[in-house]
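>>> coordinates for the following, if possible.
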Amino acid sequence: MLPILKQLKRDLGNSSLFGHLVLDLGKLEHLHYLELYKNQIEGNILEEFGNLKSLISLDLYNNNLMGHVPQSLGKLKSLVFLHLNNNWLTRQFPENLLQFQHSKPWHVRNHACAKEEASTKKHDIRSKQKKPSHSQVKRRVHAS
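From the prediction side, this is the model:
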C-alpha cells in the first residue's frame, strides 16, 4: 500500500503529481484528510473513496478530473469539506450527497463544476465532454 499515506492527514496539494488516482487510496479507511489539490491528476474520482469512513476533508480542486461525482461519497458520514472545483466534472451531483448536505454543516465549493473555460460556453457541458487539450491545461496553469 502507499506508505506515505498511512498517516491520518496527508497534504499532497501543489506537489506536481500527475496521472490517475490509484485504487489503493480507497483502502485508507482511517484517513481523515486527503488533500490532492492543485496537481495534474486526471481520470475519474474513485468510487472507492466511499470506503474512507473516517474522511473529514477531500480536496481535489484544481486538477484535471473528469466524469461524475460518485454516489459512494454519500456514504461518508464524517465528511465535512468536499472541494471539487476547477475540474472537468459534470454538473450532475448525486442525490444522496445533496440530501446529506442539508443534514449537517457541510461545505462544498462549486461542487462538480467544469473548468471556467467550458462553463462560459453556451452548450451543455455534460454531453460530449472532452479531455482538455494541452494548450487549455497550459493556459490554466499560467493563469493560476
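
>>> list the contacts for the residue nearest to Leu76 when sequence neighbours are not counted?
Closest residue to Leu76 apart from its sequence neighbours, by CB to CB, 6 or more residues apart in numbering: Leu55 at 5.3 Å. No exception for glycine: its C-beta is placed from N, CA and C like everyone else's. Leu55 is in contact with Leu31, His32, Tyr33, Leu34, Phe49, Leu76, Ser78, Leu79, counting by CB atoms under 8 Å, 6 or more residues apart in numbering.

>>> rerun at 6 Å
Leu76, Ser78, Leu79 (CB atoms under 6 Å, 6 or more residues apart in numbering).

>>> so the second one sits right up against Ile56, yeah?
Yes. Taking CB atoms under 6 Å as the contact criterion, Ser78 and Ile56 are neighbours in contact, 5.4 Å apart.

>>> okay, those two: which has more neighbours?
Ile56 (16 against 11; other CB atoms under 10 Å).

>>> tell me the pLDDT at that one?
Model confidence at Ile56, given as pLDDT, is 92.

>>> could you measure from it over to Asn44?
Distance, Ile56 to Asn44, by CB to CB, to the nearest Å: 22 Å.

>>> sketch out the low-pLDDT regions of the protein for me.
1-7, 99-144 (pLDDT under 70).

>>> quick one: the helices in the protein?
Under the criterion DSSP state H, the chain contains helices at 95-103, 116-119, 134-143.
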